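# Return atomic coordinates for the entry below.
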Amino acid sequence: METTRKVVVALPAFNEEPNLPDLLARIDLALSEVQLSYRILLVEDGSTERTAVVAEEWSQKIPIEVRRHETNLGLGATLRDGLEWARDVASPQDVIVTMDSDNQFSLTSPDRSVARCSPGAPTHESG
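Residues are numbered from 1 along each chain as shown. Predicted structure coming up:
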């Protein structure tokens, strides 16, 4: 039985309310244009504004889930938690990627990056 490869995006986020809508729209557009299934896992790191609320509002439009840290634990802990969560939900053929939530990275050619990945093989692609 062949299953579809999916991109699992782990997003650490702290006080990204103004950046999140554009970033999520860009992720959706980039991956939908190349017909890649995806799932976004956002770990909100104790933000003092509406980062988690904005992400939860987007869950009505795109496949995004949110977990929250009650207090700010820092990028390292938030990235670790996001990658562990992604590892726990990803299938062996899926590709796990991470990026900052500040909307500073390019999302060009995600199909080429994903296509280069062998199932289960680690890779690094910088934007």
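
# partners of the residue nearest the centre of the chain in the sheet?
Nearest to the geometric centre of the chain sits residue 9, at 2.5 Å (CA atoms, centre = their mean). Residues in a beta bridge with residue 9, per DSSP bridges, are residue 40, residue 97.

# residues contacting it?
Residue 9 makes contact with 27, 38-41, 86, 97-99, according to CB atoms under 8 Å, 6 or more residues apart in numbering. No exception for glycine: its C-beta is placed from N, CA and C like everyone else's.

# let's see it at 7 Å
Taking CB atoms under 7 Å, 6 or more residues apart in numbering as the contact definition, residue 9 lies against 27, 38, 40-41, 97.

# Out of the residues you listed, which is nearest to residue 74?
Nearest to residue 74, judged by CB to CB, of these is residue 41 at 18.0 Å.

# Am I right that that closest one is in contact with residue 88?
No. Judged on CB atoms under 7 Å, residue 41 makes no contact with residue 88 at a distance of 9.6 Å.

# Residue 17 and residue 84, how far apart?
Distance, residue 17 to residue 84, by CB to CB, to the nearest Å: 25 Å.

# More neighbours: the two, which one.
residue 17 (16 against 13; other CB atoms under 10 Å).

# tell me the SS of the more buried one?
coil (DSSP: H, G, I helix; E, B strand; the rest coil).

# thought it was touching residue 52?
No. Distance between residue 17 and residue 52: 9.1 Å, which falls outside the contact criterion (CB under 7 Å).

# Mind listing the shared neighbours of the two?
With CB under 7 Å, 6+ apart as the test, residue 17 and residue 52 reach no residue in common.

# Can you read off the pLDDT for the nearest residue to residue 16 once chain neighbours are set aside?
Leaving aside its sequence neighbours, residue 16 sits nearest to residue 101 (CB to CB, 6 or more residues apart in numbering; 4.4 Å). On pLDDT, residue 101 comes in at 91.
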